[in-house]
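> Mind looking at a prediction? Sequence and model below.
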Amino acid sequence: MSESAIEALILSTSTMKSQYGPLVGAIDEGTSSCRFIVFSASTGKLVAKHQIALSQSFPNEGWVEQDPMEILSVVNGTMEACVEKLKDQGIEPSDIVAVGLTNQRESTIVWDKLTGEPLYNSIVWSDARTTVTLDKILEVVPNKNKNYLAPLCGLPLSPYFSALKINWLMNNVPKVKQAIDEGRCCFGTVDTWVIWNLTGGKDGGKYVTDVSNASRTMLMNIETLQWDPMLCGFFTIPMDILPTICSSSEIYGYFAAGSLKGIPISGCIGDQNAALLGQNCLKPGLAKSTYGTGGFLLYNTGTHRVMSRQGLLTTVGYKLGDEPAIYALEGSVAVAGAAINWMRDNMGLISGVDEVETLADSHRHTGDVYFVTFLVCLILQV
């Protein structure tokens, strides 16, 4: 969305009762929790927020899953709770003029478009079940080159990205294959699943994704910004199960129900890409580093795609409306903050995450002992 379009959207709304004027909402759907935050559109001041934790399941070694219905329930729960906090301040939800969505990337959801029911759990980005599949693919790739498809999609062959997860679902979950054969199957990263449901679901929900999320599937051509027939064919994924690719800033649809009914969803972007924008890294050469569940460094390369020879990923940073796409180089570490949960839940070294800082401050020297969070091997390249 252009700046003038945003101004027009704000001016077209009814007179605001809020002392803050028109408000903007942001859904932050992460791996471990979801937040809904409301800001003043004119000052950026935080007005209200609410956060709810998300659970994960680990059915087999290296497998990480989430319940798509829980994701949806938590998204709705955070919004409704935040609306109540607004009302406590005398602010009506109608003062929110637009809502944006940022989300965990690569996580893969398939569902039945006729019933709206998930066909399997969400396979989370950090899931490593397709490692064996990757090994088989590399056997037939020239020189076992993990960067075989990188000129097209910017990414190495890896279990990290969505394509291998979809391929696994097609070959291991019979009702997914059946739904594809019967034309009922939808695939989406988390943004697609959330937007489809919030805008009506099986009753006319908008079936879309944005370029930043699509660029993490290994199925989008990094130059044309569209699904690529060669890439889809390589992974034997039918193109008719894929959503429409849009920019990161446009009106995708409107809330179909709830306290925000009728309010437009006008922004959609992957979480790390959103951080690049949020840290004002809008010029080539600017970079941000985020430590959450994983660790991610994104470096703005402008309108030029840069192919790394040092293991960095070439990805779409963002695309604002009709403006050209902005690209980025990305360094990804699968485990950062997740290591603290591992120390608590698996090793029993701490009873709560708040103990880590106290323990770290209690020692001045490491004694040449270092903890490398190499708990999941996903995107190493040769």
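Great, that's in hand. Numbering: from 1, shown residues only.

> which neighbours does the helix or strand where residue 26 lies have in its sheet, and in what orientation?
When elements are assigned from DSSP states H and E, residue 26 belongs to strand 23-29. When pairing is defined by DSSP bridges, strand 23-29 lines up against strand 33-40 (antiparallel), strand 96-103 (parallel).

> which residues of the stretch 1-150 of the chain fall in strands?
Secondary structure of the stretch 1-150 of the chain, counting by DSSP state E, counting those that start in this stretch: strands at 23-29, 33-40, 46-53, 65-66, 96-103, 109-112, 122-123.

> Mean neighbour count and distance to residue 185 for the ones you listed - can I get that in a markdown table?
(Glycine included, C-beta is placed from N, CA and C.) As requested, the strands of the stretch 1-150 of the chain are exported to a markdown table (neighbours: other CB atoms under 10 Å; distance: least, CB to CB, whole Å):
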| stretch | mean neighbour count | distance to residue 185 |
| --- | --- | --- |
| strand 23-29 | 23 | 22 |
| strand 33-40 | 21 | 25 |
| strand 46-53 | 16 | 29 |
| strand 65-66 | 21 | 18 |
| strand 96-103 | 24 | 21 |
| strand 109-112 | 24 | 6 |
| strand 122-123 | 26 | 15 |
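
> Need those in a markdown table (columns: distance to residue 340).
Converted to a markdown table, the strands of the stretch 1-150 of the chain look like this (distance: least, CB to CB, whole Å):
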| stretch | distance to residue 340 |
| --- | --- |
| strand 23-29 | 20 |
| strand 33-40 | 14 |
| strand 46-53 | 15 |
| strand 65-66 | 19 |
| strand 96-103 | 22 |
| strand 109-112 | 27 |
| strand 122-123 | 23 |
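
> Show me which helix or strand of the protein is least confident by mean pLDDT.
None of the helices or strands of the chain scores lower by mean pLDDT, DSSP states H and E than helix 3-11, at a mean of 51.

> Make sure I have this right: residue 195 is in a helix.
Yes: Residue 195: assigned to a helix according to DSSP: H, G, I helix; E, B strand; the rest coil.

> Model confidence score at it, please.
Here the pLDDT value assigned to residue 195 is 98.

> wait, it sits on residue 208?
Yes: applying CB atoms under 8 Å as the test, residue 195 and residue 208 come out as touching, 6.1 Å apart.

> Of the two, which one has the most company?
residue 195 (26 against 22; other CB atoms under 10 Å).

> pull the longest helix from this protein.
helix 68-88 (DSSP state H).

> How many residues are close by the residue nearest to residue 196 when sequence neighbours are not counted?
What sits nearest to residue 196 in space, not counting adjacent residues and going by CB to CB, 6 or more residues apart in numbering, is residue 205, at 4.0 Å. Using other CB under 10 Å, residue 205 is surrounded by 20 other residues.
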